[in-house]
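Visitor: Can you look at this prediction? I've put the sequence above it.
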Amino acid sequence: MGFFSSLANFLGLKKKEAKLLVIGLDNSGKTTILEQLKPEEKRTGDVAPTVGFNVEKFKSKSLQFTAFDMSGQGRYRNIWEHYFKDCDGIIFVIDSCDKLRMTVAKDELDHVLKSPDIKSKRIPILFFANKMDMRDALSSVKCSNLMGLEKIQDQAWHICASNALTGEGLDSGFDWLTDQLKSKLSESNKK
């Protein structure tokens, strides 16, 4: 690393990049959340179900994100594990209205947490209990209980109630995730 790069890094002027894995069951709102995080001039407004995966890039104040928006359809979920090794953080989107598939979402989360690539490093996990605008939505506390989040002890995690259509709840979740990633990236730069 050159002198100016080191100085910029030390002063916090250089943007750091974080790779995010955005997962959850199909129709939970993953792509819609990422659409809200894009600058307004880059939003298309057209959100279609993801087949395979999409890659989105966006920025916060101090981090650049590359987000791998993974399909949540059953036949594509096995692709997720190919991205575990290189991700710096995970966003797991829960459809708070889909009570019937909450156990499927929990099973998928358990599978993710058991992966050696996830267990071996402390990856922050941000949960969005999405679709809070719906009348039959479960609270984020109820989603947390049904997903067994209190049992997660090896990873930093946080859950936020969200509405991907309006963007409500996304900022507070991303503030938490950005703080987690900045401290994680700072630690790895010191090594």
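Guide: It's in.
Visitor: Am I right that Cys143 is in contact with Val93?
Guide: No - using CB atoms under 8 Å, Cys143 makes no contact with Val93, being 10.7 Å away. C-beta here means a position set from N, CA and C on the backbone, and glycine is covered the same way.
Visitor: can you give me the strands for the protein?
Guide: 16-23, 53-59, 63-70, 89-95, 125-130, 157-161 (DSSP state E).
Visitor: want to try TSV for those strands, with mean pLDDT as columns?
Guide: Shown next, in TSV, are these (pLDDT from 0 to 100):
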stretch	mean pLDDT
strand 16-23	92
strand 53-59	84
strand 63-70	90
strand 89-95	97
strand 125-130	97
strand 157-161	97
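Visitor: Go through the ones you listed and name the closest to Leu181.
Guide: Closest to Leu181 of those, according to CB to CB: strand 16-23, at 4.6 Å.
Visitor: nearest to Thr32, of the strands of the chain?
Guide: Comparing the strands of the chain by CB to CB, strand 125-130 comes nearest, at 8.2 Å.
Visitor: chain center to the closest one: distance?
Guide: Distance of strand 125-130 from its chain centroid, counting by CA atoms, centre = their mean, to the nearest Å, is 7 Å.
Visitor: ok, it: who's next to it in the sheet?
Guide: Applying DSSP bridges, strand 125-130 is found paired with strand 89-95 (parallel), strand 157-161 (parallel).
Visitor: For the ones you listed, state which one has the densest average packing.
Guide: strand 89-95 (a mean of 26; mean count of other CB atoms under 10 Å).
Visitor: quick one: contacts of it?
Guide: Contacts with strand 89-95, where a contact means CB atoms under 8 Å, 6 or more residues apart in numbering, come from 18-25, 27-30, 33, 67, 101-102, 105, 109, 112, 118, 123-131, 143, 147, 164, 177, 180-181.
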